[in-house]
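**Q** just a sequence and a predicted model for now, questions to come.
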Amino acid sequence: MGTEQIIDDLLDLNILKESTLFYIESDKNIINESLNFFQKYFKNVIISNDENNIFELFSANQKKIDIILFDLDFEKSVICVSKIRELTTLPLILTTKQLDFKTLEKVIHYRIADYIIKPIKYNTTIKILNNILVERYNIKLIKQQKKELEIYKDILDKENLISETDLKGNIIYANDIFCEVSGYTKEELIGQPHNIVRHPDNSSKIFENIWETIQSGNVWKGKIKNKAKDGSSYYIKSTIFPIFDEEGNIKKYVASRFLITQDEEEKQTLKRYILQQKSQKVRTEQEIEQKYQDLLKEALESKDKKISSFVSELQKEIKILRGRINDDKGRILNLEHKLKDSENNAEKAHDDFLEKISKLRTTTRISYEKYEKFKKLNDNLKEKLLKAQESIKVYQEYIDEYRHKIDDLNDVIKSYEDDKKKAEAAKK
């Protein structure tokens, strides 16, 4: 890893890339040399080389400037620093060729963030600028968060019942709504144990669970019934949490609550109504059941002719139905015999089918064995054929070789004959 990469890893590049540097330098050569370096890290670099236009440039860009790098080697540098400080509280870093203690004594009370001796070592300079900007960013962030917390606290304070207790559970703070609902003044509450508003209807296990939870550093949430100074009851939904000091130790407890008395009263009313309706339903069902039993008993004891006639007709119908049932029994018995014959036939057909399947399996097995023998014979034939083809190929190579030799001999014979003819022709 190169030196430049190591430096980059030590910087908060996100903060630098969102920052603007106001660079005031008397030496143009240094400006030309350092501009590319600073532009690599900063979102924007505003440069001034002239004492006369410093404040004009600053006024035009004051809202976007985040840090100032100022050269003390200007003729009127001390005056410029004092004017800059009148205009802004931005971090101010000084550069100088020589460490002039007299000059430093004059400017030091203008809240100088740091100073750098020339020639500027860029890696050191960028780390100094980065550290100052990160610190400034963190301070701004803390202020912003503090402001937001104050807003949230104000909202909670206006809407919820807020109280704070020490580690023993004694009240050290109570807001106006808490006092209004409980009926106590702040003077009556401060220093008292928080159980001053505890309602006896609550189980002691609830408060054991609360203390166990918050003393462990966790948040407790739940519903509690409280008692006001005049003895009236009110219901609250509570969130109780510990506040820690810088070393991580619990220093106090804060409780935020909102009233749910109306909801609870409506729930209790609804529960009572439901119970009443259930009781009424049970009574009504009992009355209906009793009336039914009475009517039934009356009907059974009655000797009314209509009932007798109805019973007589009913007996006739029963007799007819019994006859039909006997006829149906005969038909059912006949159908059962037919079903049994059908089952026997189906069983026989099934046995015949199984026998055919067995024979087919035997035939298939024999055919498979014959196929395996044929396959084995065919594989042997293929192997012999391959060997024969290899032999033919070898013989073919021999034949080609002999053909080449014959061709060579023919060429020799032809050459010899040609030479002979030429010799004979020369003799003539």
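**A** Now that the structure is in, tell me what you want to look at. Residues are numbered from 1 along each chain as shown.

**Q** and the next helix or strand past the lengthiest strand in the chain?
**A** The single longest strand within the chain, with elements called by DSSP state E, is strand 233-244. Remark: after strand 233-244, the chain's next helix or strand is strand 250-259, criterion DSSP states H and E.

**Q** run the chain-centre distance for that next one.
**A** 30 Å (Cα atoms, centre = their mean, to the nearest Å).

**Q** elements contacting that strand?
**A** Applying 3 or more Cβ pairs under 8 Å, 6 or more residues apart in numbering; DSSP states H and E, one finds that strand 250-259 makes contact with strand 161-165, helix 204-215, strand 233-244. For glycine as for every other residue, the C-beta is placed from the backbone atoms N, C-alpha and C.

**Q** partner strands of that strand, with direction?
**A** strand 161-165 (antiparallel), strand 233-244 (antiparallel) (DSSP bridges).

**Q** just the angle for the shortest one relative to helix 204-215, thanks.
**A** If I follow you right, that is strand 161-165. 70 degrees (axes from the mean of the first three to the mean of the last three Cα atoms, to 10 degrees).

**Q** report the rounded mean pLDDT for strand 161-165.
**A** Regarding strand 161-165, the rounded mean pLDDT is 91.

**Q** buried stuff in the following helix or strand past that strand?
**A** Next in sequence after strand 161-165, counting helices and strands by DSSP H and E, comes strand 171-174. Across strand 171-174, burial judged by 16 or more other Cβ atoms under 10 Å covers 171, 174.

**Q** dump strand 171-174 to PDB, restricted to CA.
**A** Provided in PDB are the C-alpha atoms of strand 171-174 (Å, rounded to 0.1, in the frame of the first residue of the first chain):
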ATOM      1  CA  ILE A 171     -38.900  11.700  42.900                       C
ATOM      2  CA  ILE A 172     -36.400  14.400  41.700                       C
ATOM      3  CA  TYR A 173     -38.500  15.900  38.900                       C
ATOM      4  CA  ALA A 174     -42.200  16.000  37.900                       C
END
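
**Q** partner strands of that strand, with direction?
**A** Here, using DSSP bridges, strand 171-174 pairs with strand 161-165 (antiparallel).

**Q** could you list the low-pLDDT ranges of the stretch 101-250 of the chain?
**A** Under the criterion pLDDT under 70, the flagged ranges of the stretch 101-250 of the chain are 101.

**Q** residues contacting Ile171?
**A** Going by Cβ atoms under 8 Å, 6 or more residues apart in numbering, Ile171 touches 163-165, 189-194, 196.

**Q** cool, and Phe58?
**A** Phe58 makes contact with 22, 65, 84, 87-88, according to Cβ under 8 Å, 6+ apart.

**Q** how about Pro119?
**A** Ile30.

**Q** any idea how far Glu33 is from it?
**A** 9 Å (Cβ to Cβ, to the nearest Å).

**Q** before we move on, what about Asn160?
**A** 61 Å.

**Q** among these two, which residue is more densely surrounded?
**A** Legend: neighbour count by other Cβ atoms under 10 Å for Asn160 and Glu33, higher for Asn160 (20 against 14).

**Q** next, that one: phi, psi?
**A** Backbone torsions for Asn160, taken as degrees, to the nearest 10, come to phi -120, psi 160.

**Q** residue contacts, Asp66?
**A** Here Asp66 is in contact with 19-21, 90-91, 133, 136 (Cβ under 8 Å, 6+ apart).

**Q** where do the helices sit along the stretch 1-150 of the chain?
**A** Applying DSSP state H, counting those that start in this stretch to the stretch 1-150 of the chain gives helices spanning 3-10, 13-17, 28-41, 54-61, 77-87, 101-107, 122-159.

**Q** show me what counts as buried in the shortest one.
**A** Buried residues in helix 13-17, counting neighbours by 16+ other Cβ under 10 Å, are found at Leu16.

**Q** hey, C-alpha coordinates of it in CSV?
**A** Extracted C-alpha coordinates of helix 13-17, given in CSV (Å, rounded to 0.1, in the frame of the first residue of the first chain):
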residue,chain,number,x,y,z
LEU,A,13,-12.9,11.7,3.1
ASN,A,14,-16.7,12.1,3.2
ILE,A,15,-16.3,15.2,5.4
LEU,A,16,-13.4,16.6,3.3
LYS,A,17,-15.3,16.1,0.0
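
**Q** and that helix, what does it pack against?
**A** Using 3+ Cβ pairs under 8 Å, 6+ apart, helix 13-17 is in contact with helix 28-41, helix 122-159.

**Q** let me have those helices in TSV, extended by distance to Leu104.
**A** Listed next are the helices and strands packed on helix 13-17 as TSV, based on distance: least, Cβ to Cβ, whole Å:
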stretch	distance to Leu104
helix 28-41	20
helix 122-159	16
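
**Q** one step back: list just the nearest of the contacts of Asp66 to Lys427.
**A** Lys427 has its nearest neighbour among those in Leu21, at 114.1 Å by Cβ to Cβ.

**Q** for that closest one, the count of nearby residues, please.
**A** Leu21 has 22 neighbours, counted by other Cβ under 10 Å.

**Q** Leu94 too?
**A** Using other Cβ under 10 Å, Leu94 has 24 neighbouring residues.

**Q** Lys251 now?
**A** Lys251, neighbours per other Cβ under 10 Å, totals 12.

**Q** what's the answer for Ser77, then?
**A** 21.

**Q** again with Ser48
**A** For Ser48, the count of nearby residues is 22 (other Cβ under 10 Å).

**Q** and if you look at Phe37?
**A** Neighbour count for Phe37, taken as other Cβ under 10 Å: 15.

**Q** ok, now which ones touch it?
**A** 122, 126.

**Q** any idea how far it is from Ser19?
**A** Relative to Ser19, Phe37 is positioned 15 Å away (Cβ to Cβ).

**Q** so which of the contacts of Ile171 is the closest to Gln98?
**A** Taking Cβ to Cβ as the measure, Glu164 is the one of the contacts of Ile171 closest to Gln98, at 57.8 Å.

**Q** return the distance of that closest one relative to Arg198.
**A** Using Cβ to Cβ, Glu164 is found at 17 Å from Arg198.
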